[in-house]
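Participant: can't give you the sequence, but here's the structure:
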């Protein structure tokens with residue numbers, strides 16, 4: 001979105017002679033380029049994924065098996081997604097340098113967090129598989145069957161978390177690129193036209 005701005009000033013000396021008539025045209029708002037990434041829709045998706053990470057992490061934390069919740073990964077990643085989504089929604093409503101800069105900084109931090117979280121989820125899957133492989137099957141057949149179901153559910157949840165983290169990383173990288181474009185091209189270009197009006201004499 002490009003906005004134009006016109007500013008005119010008529011300066012006349014005390015003697016009554018015509019002063020210069022200044023007109024500035026061609027002003028623009030490059031910060032609105034951030035809105036091309038649809039930050040409101042992206043923010044809603046990020047908040048939804050962050051909420052699901054946080055909520056689904058609660059029952060996983062209560063389980064005795066070792067998973068990614070041991071390092072609270074779904075919780076802090078979910079909080080990062082929620083805060084990023086809120087910033088995107090606020091930035092679309094009121095685009096300013098401060099909000100776009102904050103969105104860019106938090107997006108970069110969240111991308112690094114997603115990278116760490118991805119390997120934490122992968123490590124959680126490996127831990128659950130190891131606990132299943134070393135389980136004693138000789139005396140607790142019924143418990144083994146029930147435990148195997150729980151382990152499969154936990155592995156599927158970890159896989160869902162990995163998928164959500166990858167989707168979140170793609171969205172964060174896209175919004176980071178839009179924020180960088182908006183901030184790097186922030187200089188407003190304007191054309192100033194000065195005309196001398198004829199004297200009233």
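Facilitator: Right, received. Where do you want to start? Nothing here was measured: the structure is a model prediction, and the numbers come from that model.

Participant: For the chain, give me the ranges with low pLDDT.
Facilitator: Low-confidence segments of the chain, defined by pLDDT under 70: 1-32, 64-66, 131-150, 185-201.

Participant: Could I get the full set of helices for it?
Facilitator: Assigned by DSSP state H, the helices in the chain fall at 39-62, 73-93, 97-133, 141-184.

Participant: Next, the buried residues of the third one.
Facilitator: Looking back up the chat, that one is helix 97-133. 99-100, 102-104, 106-107, 110-111, 113-114, 117-118, 120-121, 123-125, 127-128, 131-132 (16 or more other C-beta atoms under 10 Å). C-beta here means a position set from N, CA and C on the backbone, and glycine is covered the same way.

Participant: cool, and the shortest one?
Facilitator: Neighbour-count burial for helix 73-93 flags 73-78, 80-92 (criterion: 16+ other C-beta under 10 Å).

Participant: quick one on the thing from earlier: for residue 33, find the nearest of the helices of the chain.
Facilitator: helix 141-184 (4.5 Å; C-beta to C-beta).

Participant: In a markdown table, list the helices of the chain along with distance to residue 33.
Facilitator: Formatted as a markdown table, the helices of the chain follow (distance: least, C-beta to C-beta, whole Å):
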| stretch | distance to residue 33 |
| --- | --- |
| helix 39-62 | 11 |
| helix 73-93 | 12 |
| helix 97-133 | 9 |
| helix 141-184 | 5 |
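
Participant: got a list of what the residue lying closest to residue 40 once chain neighbours are set aside touches?
Facilitator: Distance criterion C-beta to C-beta, 6 or more residues apart in numbering; nearest residue to residue 40, sequence neighbours excluded, is residue 92 at 4.5 Å. Residues in contact with residue 92 (C-beta atoms under 8 Å, 6 or more residues apart in numbering) are 34-35, 38-40, 43.

Participant: Could you do residue 105 as well?
Facilitator: No residues are in contact with residue 105 under the rule C-beta under 8 Å, 6+ apart.

Participant: Quick check: it vs residue 53, distance?
Facilitator: 21 Å (C-beta to C-beta, to the nearest Å).

Participant: got it, and residue 161?
Facilitator: For residue 161 relative to residue 53 (C-beta to C-beta), the value is 6 Å.

Participant: Look at those two and report which has more neighbours.
Facilitator: residue 161 (30 against 25; other C-beta atoms under 10 Å).

Participant: That one contacts residue 74, correct?
Facilitator: Yes: look at residue 161 against residue 74 with C-beta atoms under 8 Å: they come within range, at 6.0 Å.

Participant: Which neighbours do these two have in common?
Facilitator: With C-beta under 8 Å, 6+ apart as the test, residue 161 and residue 74 both reach 53, 56, 68.
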